[in-house]
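# What shape does this take:
(chains A and B)
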Amino acid sequence: MATFLATKKMSPALRARLEVSVSGRKPGDARAWAPSRAALIRLAVLVSLVVLLATILLAKQRSDQELAQQRATLLERLRGERVGLPPNFKTLVSRQYLWFESSARAYAGDQIDPSIREDTAFSAELLRRMLYVRGPLESFARPTGIAESAAHSYRDAFLLCLLDPPAARSEKVLLSRARKALTGVEQTLVAAHVTRYLELLVGLPYLLPDWEARVQVAESSFELEKLTRRFDEAPIRAAKQAAHAELGLLVMDEPNDGSGPTELDGACPHYVRVELRELRTNKLLLRLRRHVDPGWISPSIRWEHANGINSCGLGLDIREQVSGSKAEDDVK
Amino acid sequence: MDDGRRNLMTPDLLQPAGAVPRIDFDHTKFALSLAFDGAVSGGMFSEALDKSALPRSTWEPSGFASDLFVSRFVAQCLRVRIGGREATLSTRHLTRVLCQPPAEVAIVEYRREIIAEIAGSNDLRRAFEKLYLTLCALRTLLENAGAGRVWDANRRKLDILMALKQVFQLLAEQFPDCQSGLGCLGTFGAQVTASEPYQALSDLLNYDAHLASLSLRVAVGADGRIRGFEVLSVNENSDNPFVNPVWRRWLSKIELFLRGYRFGDGEVMARLLDSVFSGLEVELVAMVQLLGDCEFYLGALGFKDQAEAAGLNVCLPKLVTAESLRDLRSLFNPLLLLNGSVPVPCDLIGDRLTSTTLVTGPNSGGKTRLLQALGLTQLLAQSGLFIPAREGSVALSSGLVASLIEQVQADQAEGRLGMELLRIRALFESLPPGAMVLLDELCSGTNPSEGEQIFELVLTMLNRLGLQVFITTHFLAFAARLAGSATIQRLNFLQVELNTDRQPTYQFKAGVAQTSLAGHTAERLGVTGDQLLKLVEASLSKQSRQTPERV
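Residues are numbered from 1 along each chain as shown, chains lettered A, B, ... in the order given. Sure thing, here's the model as predicted:
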């Protein structure tokens, strides 16, 4: 039996002796080819180890392939979702943060762009795709506050009355609008082009490079599955829609000014800042500050609808301030 | 015979080449394999030598060894001192060799030529001593004589192989031109160094010492310190047959692991070492035998040195026929060297060798010492070694019987005379013609008149066998009568020579002594009438002082 210890340069006699030394048996020995028990055991152990190692390697290879496939699929979906996004989508949120943060500082004074002075022009402007967020003034000074405000912002009575102002300013009319705003039916008709800022805030991160990097570095199939699940559940479509918004409407409620009590629904006398900007150019179209006070509302409905009535009234105020027209007062 | 023995002549310095190895080949080979593998093997060489066969001998050691103190002679006279250090010899083996001298004259001549050649050339003797020292080093390594734990078994094996290679080189280089039997060493060395196993041995040692060579460039700073070095090239000794590529080395390790060995470079080296060693086992067995042979000759040279240091001379005697005349000049008893005294040499010249010589003389005159000297001389001459005489001639004898000391055994069945008679009977039962007989004070254990009759009978019978006989006796009247009557053929008489003060000179001359000078000896030892009387009076006086007076 040849041995790896022998070389071609060795003499045949030396090779023969070397083989005897290695096998432990003489050439004429009938058992020369029979492996020893120790050799068999070691061979079995080695083969087992090799098989085990190969199995592990194959399993790992398969797992790696599956992981790569899973990753590629997710990345492909991600990149597919990015198609059609505006070029500046990566900095969209940060730019809006800057806007909110600067607006939350000392009020810079009312301002209305001349291009929207006409009621028809303003109405046309308000039909463009729009992002909407409303919250307490102090919340806009920090990112977490902005996120909280975005989470609590809905297409409310203010938005409804701004887009579709009622013909009269009577309590009854405003109450009617406030109730419609609560049901949500009206918004689907009037404010369908308005997207909550929250949609952008929640959905857009799934399309950003940071999230793509997380997908790239995910080390296990389990982790990728988790990412995929989150991607599936994320409001990607709404976020994309929000990313395409042309206007941004920001409403900041200043704190109670102390001239009256706070109602059960949270309404109180306070100032409200309203800003409308063209997002692409960052052009300020409108900045107004108005005082709202639920004191005039009948006590029987104030505890429940003061906020909605006041908000609707604020929407009417803004329309009136821009166009200079005035809705009919009907106290009843 | 083992197939691995090959057609290789085993160098034999105790008998001419061509004979089969004297050592037990298979047993020794097996023992050497175990020793190489690190098994306990102390005394392996001695054991192998003790069991080795010797050339045919007609001598029976029990007939003379104890009477001539051969073991003591070997231990203390055949000493080997090299470079100021004394070697430890296998004395039992040497005693065996000495006590069984070869029966064939050719073998005796063979040994005489070897010892003469070594003694005749200082260079050759130095080479022979170096060979012996290297063999001793090999023995030490194999037997692990240091009894230390071997931490690196491969290193030890490499050391053994290095020593073995050195032995073969010495044989091939130092003894090719020898004229005597030493020439077989050169022939053997040449045979081995030209063989494949030796080439493998050289290659393996070269592989161990020189696997690869690195060329370095060393940078030295202004302060003389080494700042760094750069490897310029690495050259693997690819011509060496043991050099394997790296991948094959790894496969070798895996292969060995699968075969049941340990995984590692050490195991690979161990297999290589074993394969080389197994090719040289035959030669190594021969080295065990050679070690014993070396001790035989170096011991003889040591005896020569010891005698010359004492101002005495030794020689290789002329070998003559038994009919020749006795001629031993400046003969001395080497046993006297053992107690530090310088022996007085004497000459024995004139009588025919095959004759009976009665030695008479005073007590402590040197008669027994003479018989010991004659016995050892015959023994050494018969073994082909130097005899304790300046010059002389010796006839080879067929045996030796010496009865020089009389020890009383606790369980002996007979009295002193009975034991002596039994010894005489045994002598005639086993004594071959042409042997040498040394008897001290024959028949001294009975009354002289009856003892003389037995004495005369023994003399007559010994004479018929044609022996060399030396007998000491104090039966002076009897000896004088025999000298005067000449009734027994070839009977000679030697007497201790006395000086003018009637003191023995330890020389011997023809004739029968007139007196044993027992009175002188008694006087010297304090056994005269006056001296004994003083002792008796002193004893009585002491007793009277110790006995209380009665009132």
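
# make it CA atoms for all contacts and neighbour counts henceforth
Will do.

# Could you check how far the closest residue to chain B within the stretch 201-332 of chain A is from residue A:77?
Of all residues in the stretch 201-332 of chain A, residue A:219 sits closest to chain B, at 35.0 Å by CA to the nearest CA. Shown here: residue A:219 relative to residue A:77, a distance of 19 Å by CA to CA, to the nearest Å.

# now swap in residue A:227 and tell me
Applying CA to CA, the value for residue A:227 to residue A:77 is 12 Å.

# ok, the two, which is more surrounded?
Between residue A:227 and residue A:77, residue A:227 has the larger neighbour count (other CA atoms under 10 Å in any protein chain shown), namely 19 against 14.

# how would you label the residue of the stretch 201-332 of chain A closest to chain B: helix, strand or coil?
Using DSSP: H, G, I helix; E, B strand; the rest coil as the criterion, the local structure at residue A:219 reads coil.

# Regarding the most centrally placed residue in chain B, which helix or strand does it belong to?
Geometric centre of chain B, nearest residue: residue B:94, 3.3 Å, by CA atoms, centre = their mean. Here residue B:94 sits within helix B:91-99, counting by DSSP states H and E.

# Which residues belonging to whatever helix or strand comes next after that helix are considered buried?
As assigned by DSSP H and E, the chain's next helix or strand after helix B:91-99 is helix B:105-120. Neighbour counts over helix B:105-120 (16 or more other CA atoms under 10 Å in any protein chain shown) mark B:107-119 as buried.

# Which strands or helices does helix B:105-120 pack on?
On a contact count with 3 or more CA pairs under 8 Å, 6 or more residues apart in numbering or on different chains; DSSP states H and E, helix B:105-120 meets helix B:122-143, helix B:281-309.

# same thing but at 7 Å, please
Packing partners of helix B:105-120 (3 or more CA pairs under 7 Å, 6 or more residues apart in numbering or on different chains; DSSP states H and E): helix B:122-143.

# The helix it packs on: which residues count as buried?
Buried residues in helix B:122-143 (16+ other CA under 10 Å): B:124-125, B:127-143.

# rewinding a little: name the nearest residue to the residue nearest to the centre of chain B, ignoring sequence neighbours.
residue B:296 (6.3 Å; CA to CA, 6 or more residues apart in numbering or on different chains).

# Let's check: the centremost residue of chain A is which one?
In chain A, the C-alpha closest to the average C-alpha coordinate belongs to residue A:202, at a distance of 2.2 Å (CA atoms, centre = their mean).

# Could I get the phi/psi values of that residue?
In terms of degrees, to the nearest 10, the main-chain angles of residue A:202 are phi -90, psi -40.

# swap in the one 10 residues further on?
The main-chain torsion angles of residue A:212 are listed as degrees, to the nearest 10 and equal phi -60, psi -40.

# cool, residue B:56 as well?
Main-chain torsions, residue B:56, degrees, to the nearest 10: phi -60, psi 140.

# how close does it sit to residue B:97?
Noted for residue B:56: a distance of 11 Å to residue B:97, by CA to CA.

# quick check: longest strand of chain B.
In chain B, assigned by DSSP state E, the strand with the most residues is strand B:226-236.

# Partner strands of that strand, with direction?
If you go by DSSP bridges, strand B:226-236 pairs up with strand B:212-220 (antiparallel).

# and the top helix by length along chain A with chain B, contact?
Longest helix in chain A by number of residues (criterion: DSSP state H): helix A:37-82. Yes - applying CA under 7 Å from any CA of the partner chain, one finds helix A:37-82 touching chain B at A:38, A:39, A:42, A:43.

# Please tabulate those in TSV, including the columns pLDDT, neighbour count and distance to residue B:79.
Listed next are the residues of helix A:37-82 next to chain B as TSV, based on pLDDT from 0 to 100; neighbours: other CA atoms under 10 Å in any protein chain shown; distance: CA to CA, whole Å:
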residue	pLDDT	neighbour count	distance to residue B:79
A:38	76	14	52
A:39	77	18	53
A:42	80	17	56
A:43	83	18	58
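
# okay, those in JSON lines with distance to residue B:69 next?
Formatted as JSON lines, the residues of helix A:37-82 next to chain B follow (distance: CA to CA, whole Å):
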{"residue": "A:38", "distance to residue B:69": "58"}
{"residue": "A:39", "distance to residue B:69": "60"}
{"residue": "A:42", "distance to residue B:69": "63"}
{"residue": "A:43", "distance to residue B:69": "65"}
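
# Could you tell me the average pLDDT over stretch A:207-220, please?
Rounded to a whole number, the mean pLDDT of stretch A:207-220 is 92.

# brain fart, stretch A:307-321
The pLDDT scores in stretch A:307-321 average 91.

# Give me the buried positions along that stretch.
For stretch A:307-321, burial by neighbour count (16+ other CA under 10 Å) applies to A:307-320.

# Which ones among these map onto helices?
Short answer: the buried residues of stretch A:307-321 in helices (DSSP H) are A:307-320.

# Tell me the pLDDT of residue B:540.
83.

# which residues does it contact?
By CA atoms under 7 Å, 6 or more residues apart in numbering or on different chains, no residues touch residue B:540.

# residues of stretch B:13-26 that come out buried?
Going by neighbour count (16+ other CA under 10 Å), the buried part of stretch B:13-26 is B:13, B:14, B:15, B:16, B:17, B:21, B:22, B:23, B:25.

# now stretch A:82-91
The neighbour-count criterion (16+ other CA under 10 Å) identifies A:82, A:85, A:89, A:90 as the buried residues of stretch A:82-91.

# Would you mind checking which of these is nearest to chain B?
Relative to chain B, the closest of those is residue A:82; by CA to the nearest CA it sits at 53.3 Å.

# Does the closest one touch residue A:206 like I think?
No - using CA atoms under 7 Å, residue A:82 is not in contact with residue A:206; the gap is 9.7 Å.

# Apart from its neighbours in sequence, what residue is nearest residue A:241?
Closest to residue A:241 by CA to CA, 6+ apart is residue A:195, at 7.5 Å.

# Pass me the low-pLDDT residue ranges in the stretch 1-150 of chain B, would you?
B:1-8, B:17-19, B:39-41, B:145-150 (pLDDT under 70).

# repeat that with 90
For the stretch 1-150 of chain B, the stretches flagged by pLDDT under 90 are B:1-10, B:16-26, B:33-47, B:62-63, B:83-88, B:140, B:143-150.

# what about the strands in the stretch 101-250 of chain A?
Using DSSP state E, counting those that start in this stretch, the strands found in the stretch 101-250 of chain A span residues A:111-112, A:130-136, A:194-196, A:247-256.

# could you dump those to JSON lines with mean neighbour count and mean pLDDT?
Formatted as JSON lines, those follow (neighbours: other CA atoms under 10 Å in any protein chain shown; pLDDT from 0 to 100):
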{"stretch": "strand A:111-112", "mean neighbour count": "15", "mean pLDDT": "93"}
{"stretch": "strand A:130-136", "mean neighbour count": "24", "mean pLDDT": "94"}
{"stretch": "strand A:194-196", "mean neighbour count": "24", "mean pLDDT": "91"}
{"stretch": "strand A:247-256", "mean neighbour count": "21", "mean pLDDT": "93"}
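
# Including distance to residue B:397, could those go into TSV?
Written out in TSV, the entries for these read as follows (distance: least, CA to CA, whole Å):
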stretch	distance to residue B:397
strand A:111-112	151
strand A:130-136	138
strand A:194-196	136
strand A:247-256	140
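
# Looking at the ones you listed, spot the one closest to residue A:266.
strand A:247-256 (10.0 Å; CA to CA).

# That closest one packs against which elements?
strand A:130-136, strand A:270-278.

# Distance to residue A:115 added to those strands, as JSON lines?
Listed next are the helices and strands packed on strand A:247-256 as JSON lines, based on distance: least, CA to CA, whole Å:
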{"stretch": "strand A:130-136", "distance to residue A:115": "17"}
{"stretch": "strand A:270-278", "distance to residue A:115": "12"}
